[in-house]
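[1] sequence-free structure coming up:
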């Protein structure tokens with residue numbers, strides 16, 4: 001699994017506040033491997049959006065073991081029985097038996113239960129770690145493809161709007177010349193268990209049961225509002241100027257020296273937010289479109305609802 005080019009999550013939105021401490025599930029360890037995972041910090045807090053945490057892997061002698069090929073898959077089992085994962089960008093071996101994981105959670109606990117699952121050297125461990133995820137869905141953004149950008153997740157499912165998720169990796173609202181002001185992470189849905197990062201040159205599929213439907217991502221325009229924000233009725237709120245972020249080629253988009261506009265209804269009182277919009281070129285088909293909040297084509301300018309979303313700062 002290539003964590004820098006492949007990420008995992010599904011289509012779900014849940015509004016839930018708070019931060020909650022995790023707990024470990026007491027399951028028998030996999031007799032085929034003898035490895036057991038644990039959180040380095042048992043009080044680790046998981047929230048919607050970016051979460052960085054450390055996993056310790058011990059062998060049958062309870063010795064922390066570096067040098068393993070470790071894959072970490074956060075998986076949510078919904079109350080209706082459906083399961084899905086969430087983006088895992090990287091797993092870094094720290095050389096001491098601990099591994100630093102960078103994940104991006106798309107939803108909070110409440111409509112189901114989250115757990116961390118593990119593969120070590122290709123073996124699926126029986127042990128998993130139950131976690132609770134807090135936070136708000138507004139801590140990350142969601143946009144959809146319109147008529148030119150649908151996805152058929154498997155042979156049995158109907159085609160539906162492709163989902164794009166925008167996560168904050170880091171943000172500095174004060175800006176400043178020469179200093180990174182914002183770093184966003186962009187990923188898309190292919191199916192409930194597989195979502196790649198989005199960047200120019202990435203290969204996506206319109207039908208995951210037919211790999212011949214592959215297409216190549218051309219120019220990605222992911223921009224943040226830097227101009228005057230005009231409040232409207234919800235359909236015509238707009239921004240006067242945008243700054244295009246730089247495509248780093250791994251799902252990250254960065255901008256420097258920016259002033260991030262507060263798009264909250266009552267700046268200084270309600271939660272500060274910033275607006276982004278997204279346009280993607282399909283280099284294979286020669287088409288492009290602004291992604292929208294509801295999957296219905298907008299005005300084609302990118303600066304009005306529904307072609308933009310606000311994300312908590």
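    Here it is on my side, so go on. These figures come from a predicted structure and were not determined experimentally.

[2] which outside residues touch stretch 39-50?
    Stretch 39-50 is contacted by residues 19-22, 24, 51, 53-56, 98, 102-108, 114, 129, 131-137, 139-140, 167-169, 185 when judged by CB atoms under 8 Å, 6 or more residues apart in numbering. Every C-beta, even on glycine, is put in place using the N, C-alpha and C of the backbone.

[3] quick check, distance from that stretch to the centre of its chain.
    Centroid separation for stretch 39-50 versus its chain: 16 Å, with CA atoms, centre = their mean, to the nearest Å.

[4] Please measure how far the first residue of that stretch sits from its last one.
    Taking CA to CA, to the nearest Å, stretch 39-50 runs 17 Å from one end to the other.

[5] ok, now stretch 75-86?
    7 Å.

[6] Of all the residues in that stretch, which ones are buried?
    75, 76, 84, 85, 86 (16 or more other CB atoms under 10 Å).

[7] Give me the buried subset of the contacts of stretch 39-50.
    Buried members of the contacts of stretch 39-50, scored by 16+ other CB under 10 Å, are 20, 22, 51, 53, 55-56, 98, 102-108, 114, 129, 131-137, 139-140, 167-169, 185.

[8] care to break this protein down by domain?
    6-134, 137-312 (automatic domain parsing).

[9] how distant is the last one from the center of its chain?
    I take that to be domain 137-312. When distances are taken as CA atoms, centre = their mean, domain 137-312 is centred 11 Å away from the chain's centroid.

[10] Average pLDDT for that domain, rounded please.
    Domain 137-312 shows a mean pLDDT of 91.

[11] Same question for the shortest one.
    Mean per-residue pLDDT for domain 6-134: 82.

[12] Run the chain-centre distance for that domain.
    In terms of CA atoms, centre = their mean, the centre of domain 6-134 is found 15 Å from the chain centre.

[13] for the lengthiest strand in the chain, which positions count as buried?
    Ordering each strand of the chain by length in residues (DSSP state E) puts strand 214-225 first. The neighbour-count check on strand 214-225 (16+ other CB under 10 Å) flags 215, 217, 218, 220, 221, 222, 223, 224, 225 as buried.

[14] mind giving me CSV with the residues you listed and columns for distance to residue 289?
    As requested, the buried residues of strand 214-225 are exported to CSV (distance: CB to CB, whole Å):
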residue, distance to residue 289
215, 13
217, 13
218, 12
220, 12
221, 11
222, 14
223, 15
224, 19
225, 20
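
[15] Can you tell me which of these is nearest residue 264?
    residue 225 (12.2 Å; CB to CB).

[16] ok, now which ones touch the closest one?
    Residue 225 makes contact with 239, 241, 242, 260, 261, 263, 274, 275, 276, 308, according to CB under 8 Å, 6+ apart.

[17] Of those, which is the nearest to residue 67?
    residue 276 (39.4 Å).

[18] which ones among the buried ones among the contacts of stretch 39-50 are found in helices?
    Judged by DSSP state H, helices contain none of the buried ones among the contacts of stretch 39-50.

[19] what's the nearest residue to residue 242 if we skip its chain neighbours?
    Leaving aside its sequence neighbours, residue 242 sits nearest to residue 223 (CB to CB, 6 or more residues apart in numbering; 4.0 Å).

[20] Return the distance of that neighbour relative to residue 274.
    11 Å (CB to CB, to the nearest Å).

[21] just residue 220 next, same as before
    Distance from residue 220 to residue 274, by CB to CB: 18 Å.

[22] Please apply the same query to residue 47.
    From residue 47 across to residue 274, the span is 18 Å (CB to CB).

[23] Same question for residue 126.
    Residue 126 is 43 Å from residue 274, by CB to CB.

[24] neighbour count winner among these two?
    residue 274 (26 against 16; other CB atoms under 10 Å).

[25] quick one: contacts for the nearest residue to that one once chain neighbours are set aside?
    Distances taken as CB to CB, 6+ apart put residue 260 closest to residue 274, at 4.8 Å, once the chain neighbours are dropped. Residues near residue 260 by CB under 8 Å, 6+ apart: 171, 173, 175, 181, 182, 224, 225, 226, 274, 313.

[26] For the residue nearest to the second one when sequence neighbours are not counted, which three-state class applies?
    Okay, so that is residue 173. Excluding the flanking residues, the one nearest residue 173 by CB to CB, 6+ apart is residue 260, at 4.4 Å. With DSSP: H, G, I helix; E, B strand; the rest coil as the basis, residue 260 sits in coil.

[27] Could you check how far residue 260 is from residue 172?
    Relative to residue 172, residue 260 is positioned 8 Å away (CB to CB).
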